[in-house]
Structures are given as C-alpha cells and as structure tokens.
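[1] Sequence and predicted structure below; questions after.
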Amino acid sequence: MAVIRWILGRIILLLNFVFSPRRMKRDPQVQQELDRKTAHLSLYQYEACPFCVKVRRALRRNGLNIDIRDAKRVDEHRNALLNGGGKLKVPCLRIDEADGEVRWMYESSDIIHYLEQTYVSQ
C-alpha cells in the first residue's frame, strides 16, 4: 500500500508541476500590502497530499504568499500542528490573530474559501 501511495503522490506532484496555475499579477505595492496582511498565516501540509496540492494551487492562483510548513518531514512543524491544532491532519491553516489568539482551520475547501473571501476579494 505504501508503494502505491508513493507512486500516486509522485503522479500528483508531476501533474501539479505540468499544469501549475498562473500566479495572479498585481501592482507591486498592492502585493506588498497583501503579503503584510497574510504574514500571520501558515499552512501545515504534506507535499504529495492531493488536498494540500489543491490549497497550494489556490495560493498560487490568487498570488498569496503564505508560509508553507511540511508537517510530514519536519518534526517541529508536526509537533506544532499536533499540539496546537489538536490533530495530525492536513492541510491546516494556522491563523495568528492580532489579539494573540491562534486558530487552526482544517479542510481544503474551507481554507480556500476563507483566504479568497478574506484576502482576495477585497
């Protein structure tokens, strides 16, 4: 089963590379302001997870520069996800609020919807 999962993961990554969406073009000042607004966000993910690929494609398509953290290969990120979010499930968006509160958002569609509604459609 592990071999099949590995092969499928490589196929997903290859297709993502070949059919990668174009990055949204913005005025440099607008992009810089958007980067400032999204600096408090982190995406915990696995490289070959199809749902993580879906979120990363949405990030690229919308021109969002968000810190991407590999929770599979980096123990520090895996532990932060498990301790903070409560479960080892990806993709997960960590949202550090201005008041110091930390929210953890799971589910790829919810993450994409949140990002597009909060940062892209302004």
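    Thanks, I have the structure now. Not measured: the values here are computed from a predicted model.
[2] give the contact list for the residue lying closest to Lys37 once chain neighbours are set aside.
    Spatially, and ignoring its direct neighbours in sequence, Lys37 is nearest to Tyr119 (6.2 Å; C-beta to C-beta, 6 or more residues apart in numbering). Heads up, the C-betas are built off the backbone N, CA and C, glycines and all. Counting by C-beta atoms under 8 Å, 6 or more residues apart in numbering, Tyr119 touches 34, 37-38, 62, 64.
[3] Okay, and the beta partners of the residue nearest the centre of the chain?
    Geometric centre of the chain, nearest residue: Leu43, 3.8 Å, by C-alpha atoms, centre = their mean. Bridge pairing for Leu43 (DSSP bridges) gives the partners Ile68, Leu93.
[4] What distance do you get for it to Asp67?
    Separation of Leu43 from Asp67 (C-beta to C-beta, to the nearest Å) stands at 7 Å.
[5] ditto for Ser109
    21 Å.
[6] so of the contacts of Tyr119, which ones are in strands?
    Of those, none are assigned to strands by DSSP state E.
[7] Neighbour count added to those, as a markdown table?
    Shown next, in a markdown table, are the contacts of Tyr119 (neighbours: other C-beta atoms under 10 Å):
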| residue | neighbour count |
| --- | --- |
| Leu34 | 19 |
| Lys37 | 13 |
| Thr38 | 18 |
| Asn62 | 18 |
| Leu64 | 21 |
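[8] and of these, the nearest to Gly84?
    Closest approach to Gly84 among the contacts of Tyr119 (C-beta to C-beta): Thr38, at 18.6 Å.
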